[in-house]
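1. show me the folded form of this:
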Amino acid sequence: MSEENITRIHLNDKEYILIGTAHVSKNSAELVKEVIEREQPDAVCIELDQQRYQSITEGNKWKDTDIFKIIKEKRATLLLINLALSSFQKRMANQFDINPGQEMIQGIESAKEAGAKLVLADRNIQTTFARVWGNLGFKGKSTLLTQIVASIFSKEEITEEELEKMKSKDTINAMLQEFTDYFPDLKKPLIDERDQYLAQKIKTAPGKKIVAVLGAAHVPGITKQIEVNHDLKKLTEIPPKSKAPKIIGWSIPVIIFAIILYTFLANPSAGLHQTLSWILWHGSLSAIGAALAMGHPLTILTAFIAAPITSVNPVLASGWFAGIVQAWIRKPSVRDFERLSEDVTSVKGFWNNKVTRILLIVILSNLGSSIGTFIGGADVVRVFFKNL
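-> Numbering: from 1, shown residues only. Take a look at the predicted model:
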């Protein structure tokens, strides 16, 4: 048994055994099995929330996914980011011929065999995403999205030896320090808060002996936080959305249309030029986004027509309409959902799978329309000042 990846804590007549794992390591799964069989704990805590637990135990149930509902609830970007993040882990898992999260599956199975209480100790993934996103400014969000996209294109491989080094506390602390340097606003909700949440759930698990199966990155933090009482309700609060984006979103079209109206009154031909410029820039760039995602011709046409209209109402987005049309014309099959986990491991797969193609259409069409706002708006202002 590799004791270097095991941390023992005695607190208030209870023993906590923390197993630090790498999420795609065969050795980690074997270690989990060995520890639980030997220790026979009263409870086993695993680093999963209810949603991810169901995904693991029920095979993701992709066939039940309602793609129309995802688009309408504005969750297309979140789902695509989630798939992109999982693609890196999946590629490593394929490289070492092991299922992602095998150590968690082993924890579930071994807990059942040992008659131990299974505790889902992690915070809801949607809550974590919301708190992460809420702590990032525009620059941080752009950088994060860039890094995620880069991870999809990356073909870098990692050796088994390097994978095992990921489980050493010193290496993990060094990685977290580097992570903090790049994304200082992310470490708090993604690592620190989850350390607190996990520590509280582990500490309050039933019985005298508790085994916790954790990603190695969390072990140092949990070791410190387990002696402190934490308010789980406070840690699961969704931060209120800033009003600034909404104010800006409504202000831009109001200002643009006020300028166009004023120009129309002063010079109708110039006002017509502004109107056509606004329509064409929005429609063309949104359509180009849909085309880049390999949308159906009707989808591309929808993006072109919808963009100028939705640009005057920030509550709506051209990508939603384009995505819904694409989903209606090229409705994903059960096979498309079942192949998601494999298709997201390659750029080609992202574009070929009907599910991810719809998500790309939504995002790229919206992105094109947003760029159209700045370019079309700049041209409207240029013509305005030219005709003063």
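
2. any idea how far the closest residue in space to residue 293 that isn't next to it in sequence is from residue 373?
-> Leaving aside its chain neighbours, residue 293 sits nearest to residue 360 (3.9 Å; criterion: C-beta to C-beta, 6 or more residues apart in numbering). (Each C-beta comes from the backbone N, C-alpha and C, glycine too.) Distance from residue 360 to residue 373, counting by C-beta to C-beta, to the nearest Å: 20 Å.

3. between these two, which one's more packed in?
-> Between residue 360 and residue 373, counted using other C-beta atoms under 10 Å, the more crowded position is residue 360 (24 against 20).

4. could you pull out the helices for the stretch 151-300 of the chain?
-> 160-165, 169-182, 187, 193-203, 219-225, 232-235, 244-266, 268-292, 297-310 (DSSP state H, counting those that start in this stretch).

5. could I get the buried residue list for the longest one?
-> Which is helix 268-292. Of the residues in helix 268-292, those with enough neighbours to count as buried (16 or more other C-beta atoms under 10 Å) are 270-271, 273-275, 277-292.

6. now do the domain split for this protein, please.
-> Following automatic domain parsing, one finds the domains of the chain at 3-235, 244-386.

7. CSV for the ones you listed, including mean pLDDT?
-> Shown next, in CSV, are those (pLDDT from 0 to 100):
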stretch, mean pLDDT
domain 3-235, 77
domain 244-386, 88
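
8. off-centre distance for stretch 298-315?
-> Centroid separation for stretch 298-315 versus its chain: 26 Å, with C-alpha atoms, centre = their mean, to the nearest Å.

9. scan this protein for its longest helix.
-> In the chain, taking DSSP state H as the definition, the longest helix is helix 354-386.

10. that older thread, return the most buried member of the domains of the chain.
-> Ranked by mean neighbour count, the domains of the chain are led by domain 244-386 with a mean of 19 (mean count of other C-beta atoms under 10 Å).

11. circling back to that earlier point, and the longest helix of the chain with helix 297-310, angle?
-> For helix 354-386 against helix 297-310, the angle by axes from the mean of the first three to the mean of the last three C-alpha atoms, to 10 degrees is 40 degrees.

12. next, the angle helix 244-266 makes with helix 354-386.
-> 50 degrees.

13. quick check, residue 218 in contact with residue 192.
-> No. If you go by C-beta atoms under 8 Å, residue 218 and residue 192 don't touch, sitting 10.0 Å apart.

14. now stretch 320-328, how far from the centre of its chain.
-> Distance of stretch 320-328 from its chain centroid, counting by C-alpha atoms, centre = their mean, is 22 Å.

15. pretty sure residue 271 is touching residue 258, no?
-> No. Assessed by C-beta under 8 Å, residue 271 is found out of contact with residue 258, at 11.8 Å.

16. residues contacting the nearest residue to residue 193 once chain neighbours are set aside?
-> Nearest non-adjacent residue to residue 193, counting by C-beta to C-beta, 6+ apart: residue 235, 5.6 Å away. Counting by C-beta atoms under 8 Å, 6 or more residues apart in numbering, residue 235 touches 123, 193, 196, 197.

17. and the two most separated of the residues you listed?
-> Across the contacts of residue 235, no pair lies farther apart than 123 and 196, at 9.3 Å, counting by C-beta to C-beta.

18. identify the residues contacting stretch 349-366?
-> 65, 67, 71, 76-77, 79-80, 83, 152, 286-287, 289-290, 292-295, 299, 303, 307, 317-320, 322-323, 326-327, 330-333, 336-337, 339-340, 342-344.
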